[in-house]
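K.L.:
make a model of this:
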Amino acid sequence: SPAPPSRRAAGVFLPRRAAREELLALAARFGFSVDPDEQVGRLTLGERQQIELLRLLSLGVRALLLDEPTTGISGAQQGALFSALRRLKQDGKAIVLVSHKLSDVEALCDRVTVLRHGKVAGEAEMPAGAERLVALMFGEALAPPERLPTAGDGVALALDGVGVGDHRLDLRLPRLAVRRGEVLGLAGLEGSGQRLLLRACAGLLRVRQGRVAVGGADLTGRPYPAFLRAGVGYLPADRRREGLIAGLSLEEHVALRAPRPGVFLRPREIRRAAERLIEAFRIRGRPETRVEALSGGNQQRTQLALLPEGLALLLLEQPTRGLDLASARWVWEQLLARCRAGTALVFASSELDELMRYSDRILVFSGGRVSRPVDAVDLTLDRLGRMIGGELDEPAPAAPAGAGP
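P.N.:
Presented below is the predicted three-dimensional model:
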C-alpha cells in the first residue's frame with residue numbers, strides 16, 4: 001500500500017531500489033505495465049498518465065482531480081485507467097472527473113455537475129440518461145431556418161490523407177473535399193483538433209503527411225504567403241492577439257493591407273480607405289482609433305473589413321464569440337454574401353445552434369478523432385451532442401456536398 005505522506009517530506013527521497021520496488025508493486029496492483037528504466041520523455045501520453053497516477057498514490061493522496069484523462073490515450077490504456085479508478089473508489093478515494101465525453105461520465109460517475117458558459121447548468125444523479133445530460137450541456141437548440149444552399153461547382157479545398165498534430169493530439173483525415181460556396185462547420189469541445197485543422201488549411205501549420213490543395217493548386221509544405229496568394233483567409237478566435245495588432249489604429253491596419261508588396265499609399269489615401277471601410281462595415285470608431293479600444297463586435301467587423309475580396313477559402317475560429325445577437329447576425333450576413341460569390345467557408349464554433357443553422361455539412365471532433373462529414377439537415381441536437389461526447393462513426397472518405405454517393 002502507499003506509504004504515508006510523512007515519508008515524502010521536502011528533501012527526503014526513497015532509495016532507488018525502494019522506489020523501484022514500490023513503483024512495480026503499485027503498477028501490479030492496478031494492472032499497469034511499466035518499465036522503471038524507461039525515460040519519461042519516451043513514454044506515450046497514456047503511459048505518462050499511469051506514472052503520474054502511481055506517483056500521486058505513492059504520496060498517499062485521498063482525492064484525485066482528473067482533467068480529460070482519456071484524451072489521447074489508447075483503448076487499452078483507457079480500460080486500465082477505468083479499472084484503477086473503480087478500485088480507488090472502492091478503497092474510499094474521492095475522484096473528481098472533468099470530461100466532455102458522455103461515455104466516460106456514464107461509465108464512472110455517481111453524480112454529475114454540468115457547466116455551460118462558465119456557470120452551473122444543472123446536476124444529476126447517475127444514471128441520468130444521455131438525453132438529459134445533452135440537454136444540460138447544450139441547452140435547447142433553435143430550429144435551423146431554411147437557407148438556400150450556396151455550394152457550387154468546383155472544389156475549393158481538398159485534403160487527401162492529411163495528418164497534423166501537436167504535442168497532445170494526432171489528427172488524421174483520410175479525405176475531405178469542400179466545394180466553392182459551401183459552408184463546413186467544425187463541431188466539438190475546444191482543444192479537440194479543430195484549430196489544428198484550420199491552421200493547417202491556412203498554411204500556418206505544416207501537415208505531417210498527406211496533401212493540401214486549394215483551388216486545384218497543391219500547397220503541401222508551402223509557406224504561409226503561398227496560401228495567401230492562393231486566396232486563403234484566416235480569422236482566429238483571439239482577435240486582439242492574433243487577428244489584429246494592439247497599439248495600431250484602424251488606418252494603420254489599412255496601410256498594412258497594401259494591394260501588393262512594394263505599393264505605398266499616401267496618408268490621405270489611407271485615411272479615406274479607412275473611412276470607407278468604417279462606413280461599409282459599420283465599425284464604431286474613427287480612423288485613428290486603436291483596435292484594442294474597440295468592442296469585440298467592432299474588432300470582428302474590423303477583421304472582416306481587412307479581408308481581401310474574392311477569396312477562394314475563408315477559415316474562421318469562433319466567428320461570433322462574445323457578440324450580441326444583432327452583431328452575430330450581421331457577421332453571418334457578410335460571410336454568406338462571400339459564399340454566394342463562391343468563397344468556401346470552414347468555421348469552428350462551440351455554439352451548436354450556429355453550426356446547425358449555417359453549415360451545409362459538419363465535421364465533429366472529439367479528443368483528436370474526427371467524424372465523417374454529416375449533412376446538417378440530418379443532425380439533431382441529441383445526435384450532435386452524442387458525437388461531441390465521443391460517439392463518432394469511423395471516419396471515411398468524404399465527397400463534396402451534392403456530389404452524389
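K.L.:
so T113 is in which element?
P.N.:
Per DSSP states H and E, T113 falls inside strand 111-116.
K.L.:
tell me the buried residues in that strand?
P.N.:
For strand 111-116, burial by neighbour count (16 or more other Cβ atoms under 10 Å) applies to V112, V114. Just so you know, the C-beta spots here come from the backbone N, C-alpha and C atoms, and that holds for glycine as well.
K.L.:
and the contacts of that strand?
P.N.:
105, 120-126, 128, 133, 136-139 (Cβ atoms under 8 Å, 6 or more residues apart in numbering).
K.L.:
out of the residues you listed, which are inside helices?
P.N.:
Residues of the contacts of strand 111-116 located in helices (DSSP state H): V105, L133, L136, M137, F138.
K.L.:
from the chain's centroid, how far away is the helix or strand of the chain with the lowest mean pLDDT?
P.N.:
In the chain, the helix or strand scored least confidently by mean pLDDT, DSSP states H and E is helix 130-138, which has a mean of 75. Distance of helix 130-138 from its chain centroid, counting by Cα atoms, centre = their mean, to the nearest Å, is 20 Å.
K.L.:
partner strands of the next helix or strand after that helix and their direction?
P.N.:
Downstream of helix 130-138, the next assigned helix or strand under DSSP H and E is strand 155-165. Strand 155-165 pairs in its sheet with strand 170-179 (antiparallel), strand 209-214 (antiparallel), by DSSP bridges.
K.L.:
and of the ones in helices among the contacts of strand 111-116, the nearest to D160?
P.N.:
For the ones in helices among the contacts of strand 111-116, the residue nearest D160 by Cβ to Cβ is F138; the value is 32.9 Å.
K.L.:
one step back: remind me what the least confident helix or strand of the chain packs against, helices and strands.
P.N.:
Contact partners of helix 130-138 among helices and strands, from 3 or more Cβ pairs under 8 Å, 6 or more residues apart in numbering; DSSP states H and E: helix 102-108, strand 111-116, strand 119-125, helix 381-388.
K.L.:
circling back to that earlier point, for the strand holding T113, what is the distance to the chain centroid?
P.N.:
21 Å.
K.L.:
now the angle between strand 119-125 and it, please.
P.N.:
Calculated by axes from the mean of the first three to the mean of the last three Cα atoms, to 10 degrees, strand 111-116 forms an angle of 160 degrees with strand 119-125.
K.L.:
and strand 111-116 with helix 130-138, angle?
P.N.:
Using the same axes, to 10 degrees: strand 111-116 against helix 130-138 is 40 degrees.
K.L.:
how about strand 111-116 as CSV, C-alpha atoms only?
P.N.:
Extracted C-alpha coordinates of strand 111-116, given in CSV (Å, rounded to 0.1, in the frame of the first residue of the first chain):
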residue,chain,number,x,y,z
ARG,A,111,-23.1,12.3,-9.6
VAL,A,112,-22.7,14.9,-12.4
THR,A,113,-22.5,18.6,-12.3
VAL,A,114,-22.8,20.2,-15.8
LEU,A,115,-21.1,23.6,-16.5
ARG,A,116,-22.2,25.7,-19.5
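K.L.:
domain parsing for the chain?
P.N.:
5-138, 155-388 (automatic domain parsing).
K.L.:
what's the closest of the helices and strands packed on helix 130-138 to V364?
P.N.:
Among those, helix 381-388 sits nearest to V364 (Cβ to Cβ), with 4.2 Å.
K.L.:
and that closest one, how far out from the chain's middle?
P.N.:
From the chain centre to the centre of helix 381-388 is a distance of 16 Å (Cα atoms, centre = their mean).
K.L.:
state the phi and psi torsions of D238.
P.N.:
D238 has phi and psi values of phi -90, psi 90 when expressed as degrees, to the nearest 10.
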